[in-house]
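> A predicted structure for the sequence below; I have some questions about it.
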Amino acid sequence: MEALAGTFNAQNVSNTLWAYATMRQEPGKGVMMVLEGRAEALAGTFNAQGVVNTLWAGSRGGAGLAKELEERADAVAATFKTREVVNTLWALRRCAR
């Protein structure tokens, strides 16, 4: 997984982080570092669902990733569906705890 994660596109990254969170599994430290690094590098290409999935997964990628996701959410805000808005707000609230 660690070797492949570096080749993931935005959807692959967000889906993988979401899947780990849904299964309540913590990826290995190396895998998480690669996924979060890849998420930060690709944040500008995430669609609304990708932003939501990554935030919902509770990624702890640090200030860089959080800033990139916030900027991307702002850029794609007009495409958010009601459910995506609700899930984003929930995820942001959960991360603020």
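Yes, it's here.
> can you give me the buried ones in the host helix or strand of residue 53?
Take DSSP states H and E as the rule and residue 53 turns out to sit in helix 48-56. Across helix 48-56, burial judged by 16 or more other C-beta atoms under 10 Å covers 48, 49, 50, 51, 52, 53, 54, 55, 56. No exception for glycine: its C-beta is placed from N, CA and C like everyone else's.
> now do it: which elements does it pack against?
Helix 48-56 sits against helix 10-22, helix 63-75, helix 82-96, with contacts defined as 3 or more C-beta pairs under 8 Å, 6 or more residues apart in numbering; DSSP states H and E.
> need the buried residues of helix 48-56 in a markdown table with pLDDT and distance to residue 17, can you?
As requested, those are exported to a markdown table (pLDDT from 0 to 100; distance: C-beta to C-beta, whole Å):
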| residue | pLDDT | distance to residue 17 |
| --- | --- | --- |
| 48 | 92 | 16 |
| 49 | 91 | 12 |
| 50 | 93 | 10 |
| 51 | 92 | 11 |
| 52 | 88 | 11 |
| 53 | 89 | 7 |
| 54 | 89 | 6 |
| 55 | 86 | 9 |
| 56 | 83 | 9 |
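> just the C-alphas of the lowest-mean-pLDDT helix or strand in the chain, formatted as CSV.
One helix or strand of the chain scores below all others by mean pLDDT, DSSP states H and E: helix 82-96, with a mean of 79. Coordinates of each C-alpha in helix 82-96 appear next as CSV, following Å, rounded to 0.1, in the frame of the first residue of the first chain:
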residue,chain,number,x,y,z
THR,A,82,-26.7,19.6,0.9
ARG,A,83,-25.4,16.3,2.3
GLU,A,84,-21.8,17.4,1.5
VAL,A,85,-22.3,20.7,3.3
VAL,A,86,-23.7,18.9,6.4
ASN,A,87,-20.9,16.3,6.4
THR,A,88,-18.2,19.0,6.0
LEU,A,89,-19.6,21.0,8.9
TRP,A,90,-19.8,17.8,11.0
ALA,A,91,-16.2,16.8,10.1
LEU,A,92,-14.9,20.3,10.9
ARG,A,93,-16.7,20.3,14.2
ARG,A,94,-15.3,16.9,15.0
CYS,A,95,-11.7,18.0,14.1
ALA,A,96,-12.1,21.1,16.3
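> sweet, I'm off.
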